[in-house]
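Would you be able to build a 3D model of this:
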Amino acid sequence: ILTIALIAFGIAPATSHAEPRNANQTDTPRAAVPTSRQSEAPPLVAQSLLARCPLDGAATFEDSWGWARSGGRKHQGVDMIAGRGTPVIAVRDGFAQFKNNSLGGRAIWLTTDDGDRFYYAHLDGWAGDSRNVEAGELIGYVGSTGNAKGPHLHFETHPGGNVENPYPHTLGACVPKSLG
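Numbering: from 1, shown residues only. Modelled structure (predicted):
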């Protein structure tokens, strides 16, 4: 499935990473599902959390949940490597709050009426100001602000306010079902 995701969204150089990785981490993608299930779609819950893919353009991404980060942190998102200025869109209807912070740089917290939250980081710029948005609405542009080492979107899912691995959700929303 990941190979298909890379083809569907364009191929970034194999050395493109959002943050340096330890020597024991390779560029070999981790599969989203066991090999025997690769022809099956991700679970329904993974497909239904996101109404839209967070990027409107070519990108590559892999399951990097839990990978070590600077300061003893663990990665809590999916890094979508894309060209600077690639449009970033709302994945659901909700309130988009635009904020700056040291790690994420220009960032957005999108909160839905049912309490699901989505975090977008390292944006080059925002599209407008904090406001209510609809799924698919332009909210920003891919960049490398904060602690980013190259242009990408760091994207997190917080269903019910609790962080969880966004990879299955992102894969379900961003890879055409005919390719899965």
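
contacts, neighbours, all on C-alpha from now
Fine.

tell me the contacts of His152?
Ala18, Asp79, Met80, Ile81, Ala82, Gly83, Arg84, His122, Leu123, Val142, Gly143, Ser144 (C-alpha atoms under 8 Å, 6 or more residues apart in numbering).

Asp113 too?
Gly94.

Can you measure across stretch 69-84, start residue to end residue?
From its first residue to its last, stretch 69-84 covers 22 Å (C-alpha to C-alpha, to the nearest Å).

from the chain's centre, how far out does it sit?
From the chain centre to the centre of stretch 69-84 is a distance of 9 Å (C-alpha atoms, centre = their mean, to the nearest Å).

Give me the mean pLDDT for it.
Taken as a whole, stretch 69-84 has an average pLDDT of 87.

And for that stretch, what's in contact with it?
12, 16-19, 21, 57-68, 124, 141-144, 151-157, 163-167.

That one: which residues count as buried?
By 16 or more other C-alpha atoms under 10 Å, the buried positions in stretch 69-84 come out as His75, Gln76, Gly77, Val78, Asp79, Met80, Ile81, Ala82, Gly83, Arg84.

Could you export those as a markdown table, including distance to Arg92?
Shown next, in a markdown table, are the buried residues of stretch 69-84 (distance: C-alpha to C-alpha, whole Å):
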| residue | distance to Arg92 |
| --- | --- |
| His75 | 23 |
| Gln76 | 20 |
| Gly77 | 17 |
| Val78 | 17 |
| Asp79 | 19 |
| Met80 | 18 |
| Ile81 | 21 |
| Ala82 | 21 |
| Gly83 | 23 |
| Arg84 | 23 |
